[in-house]
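In: just coords:
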């Protein structure tokens, strides 16, 4: 099976958990980056897991980009992803986003990245579940654009995840 290029923007608790899970459970090429290039947390994570820090070209040439950043950095990261053409998977959650009519982080990214496919993913999971799931725990993906569901489900990325631990919840 061909290897995907996966960029991970954000190296906090969830971003590092996703990076660790991808490195441990798949054979894809994984790149990490903080909100800006050269963040100390991205340097430490890349050294610990043996992955490369993502330069802008690594991100724009990736097949998938996970975005796990503070909600306040969405506009900054959208500028970084402006030339991206594949699937952006938003894992960004803020306690005020998505309630009382506020747009979710995935919706905000979708608005800022016209022409880019944006998906909201496992927004209700703790990083420990992503890092080391129990067999009975199922990963939950929720989608901002339901038209993306067939493409994402048939993607090589999700085929590498254990489908018995995957539950798809369409929304929006």
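Out: Looks like it arrived, so ask away. Owing to the predicted nature of the structure, the values given are computational and were not obtained by experimental measurement.
In: mind listing the helices for this structure?
Out: Ranges of helices within the chain are 13-25, 40-49, 56-60, 74-80, 105-112, 127-131, 149-153, 156-160, based on DSSP state H.
In: can I get these in CSV including mean neighbour count?
Out: (C-beta placed from N, C-alpha, C; glycine too.) Converted to CSV, the helices of the chain look like this (neighbours: other Cβ atoms under 10 Å):
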stretch, mean neighbour count
helix 13-25, 20
helix 40-49, 16
helix 56-60, 16
helix 74-80, 18
helix 105-112, 21
helix 127-131, 17
helix 149-153, 14
helix 156-160, 15
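In: how about the ones you listed, which one is nearest residue 67?
Out: helix 74-80 (5.8 Å; Cβ to Cβ).
In: that closest one - contacts with which helices or strands?
Out: Judged by 3 or more Cβ pairs under 8 Å, 6 or more residues apart in numbering; DSSP states H and E, helix 74-80 is in contact with helix 105-112.
In: so residue 50 touches residue 24, yeah?
Out: No - applying Cβ atoms under 8 Å as the test, residue 50 and residue 24 come out as separate, 11.2 Å apart.
In: show the end-to-end separation of stretch 74-87, please.
Out: This stretch, stretch 74-87, spans 16 Å end to end (Cα to Cα, to the nearest Å).
In: change the start of the numbering to 11 and stick with it
Out: Okay, using 11 as the starting number, the last item reads as stretch 84-97.
In: how many neighbours does residue 123 have?
Out: Here the number of neighbours of residue 123 (other Cβ atoms under 10 Å) works out to 18.
In: dump the residue contacts of it.
Out: Residues in contact with residue 123 (Cβ atoms under 8 Å, 6 or more residues apart in numbering) are 88, 91, 92, 94, 98.
In: any idea how far it is from residue 129?
Out: Distance of residue 123 to residue 129, given as Cβ to Cβ, to the nearest Å: 12 Å.
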